[in-house]
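Q: Sequence and computational prediction follow.
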Amino acid sequence: MRRMGFLWRVCVVLVVGVVVSGQIGLAQQAATQQPATQQPATQQPAPKQAAPKPKPKSTVKPGTAVWSPEVQKTLGVTAENFNAEGLNKLTPAQLTALLISARPDPRKGLLTCPASGAVPAGRLKVLVTVAGDDPTGAIAAAIKQSVESLSGVDVVDSAATADRALHVVVQEQTVNKRTIGFTASYLTATPCSEEIGGKKMDVELKGTLGTYSNAKGPGLAKDLAGMLDQDLQELRKR
């Protein structure tokens with residue numbers, strides 16, 4: 001009996017050991033099968049957007065004049081010579097003003113030049129008109145003064161009493177809104193009168209066309225007067 005009881009206790013101990021070993025094995029297996037705890041993903045900072053580049057200051061100039069068949073018809077300037085004459089530096093409005101000044105009357109009639117009938121001996125009368133960038137009238141006054149300072153020249157206010165006309169269109173040149181000078185396009189003309197059906201009207205015959213660039217203040221007036229003095233030599237020889 002003691003031997004059987006001893007064997008019985010040994011069997012119980014073995015069974016208990018097997019059960020405990022199995023539970024430990026299952027627990028270890030379960031632990032190895034569990035996924036590792038995921039670490040929260042580190043949030044990457046959003047890429048910095050490049051700061052918007054400051055827009056460059058506008059350097060676009062106002063619309064400039066372009067050649068047209070009317071320019072060739074009225075001023076005798078071809079498309080190839082348009083830039084060479086400096087007319088591309090004018091605004092459309094300034095070119096229009098120049099064309100109006102030089103546009104002949106399309107109707108035909110009896111043309112008498114100069115309007116005064118004949119060039120007087122000694123002194124010549126000149127009509128001076130200035131348009132464009134001259135809000136104070138200072139440039140026009142300087143040009144008229146320089147022309148009047150020419151030998152044997154009087155400045156008049158009417159085409160009917162003029163032997164020659166000088167039409168000037170001025171364009172201001174600026175850098176950073178600061179005036180650095182002026183560009184002047186000019187046209188000389190001979191004032192004439194045309195009679196049609198018993199009515200007389202003033203017309204002009206185109207003379208010299210040109211442009212002065214990068215001229216400043218008094219220098220502009222002096223250059224124009226010097227050009228006109230050369231233009232008047234033909235009349236002085238008559």
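A: Now that the structure is in, tell me what you want to look at. Numbers count the residues shown, from 1 in each chain.
Q: next structured bit after the helix-or-strand element of the chain with minimal mean pLDDT?
A: Within the chain, no helix or strand scores below helix 2-33, which has a mean of 44 by mean pLDDT, DSSP states H and E. The helix or strand immediately downstream of helix 2-33 is helix 69-75, counting by DSSP states H and E.
Q: Just the C-alphas of the helix or strand just after that next one, formatted as CSV.
A: Sequence-wise, the next helix or strand downstream of helix 69-75 (DSSP H and E) is helix 92-102. Presented in CSV, the C-alpha positions along helix 92-102 are these (Å, rounded to 0.1, in the frame of the first residue of the first chain):
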residue,chain,number,x,y,z
PRO,A,92,0.9,107.6,-80.4
ALA,A,93,-0.7,110.9,-79.4
GLN,A,94,2.5,112.8,-80.1
LEU,A,95,2.9,111.2,-83.5
THR,A,96,-0.7,112.1,-84.3
ALA,A,97,-0.1,115.7,-83.3
LEU,A,98,3.0,115.8,-85.6
LEU,A,99,0.9,114.3,-88.5
ILE,A,100,-1.9,116.8,-88.0
SER,A,101,0.7,119.6,-88.1
ALA,A,102,2.2,118.4,-91.4
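Q: Give me the longest strand you can find in the protein.
A: In the chain, taking DSSP state E as the definition, the longest strand is strand 178-196.
Q: Show me the contact partners of the helix or strand just after it.
A: Note on strand 178-196: by DSSP H and E, the next helix or strand toward the C-terminus is strand 199-215. With Cβ atoms under 8 Å, 6 or more residues apart in numbering as the contact definition, strand 199-215 has outside contacts at 74-77, 85-87, 89, 101-102, 104-105, 111, 113, 115, 159-160, 164-165, 173, 181-194, 220, 223-224, 227, 231. Where C-beta positions appear, they are placed from N, C-alpha and C, glycine not excepted.
Q: Show me which of those are buried.
A: Buried by 16 or more other Cβ atoms under 10 Å: 74-75, 77, 85-87, 89, 101-102, 113, 115, 159, 164-165, 173, 181-194, 220, 223-224, 227, 231, out of those.
Q: wait, residue 169 sits on residue 90?
A: Yes: judged on Cβ atoms under 8 Å, residue 169 makes contact with residue 90 at a distance of 6.2 Å.
Q: Looking at these two, which one has more neighbours?
A: Ranked by neighbour count (other Cβ atoms under 10 Å), residue 169 and residue 90 place residue 169 first, with 28 against 22.
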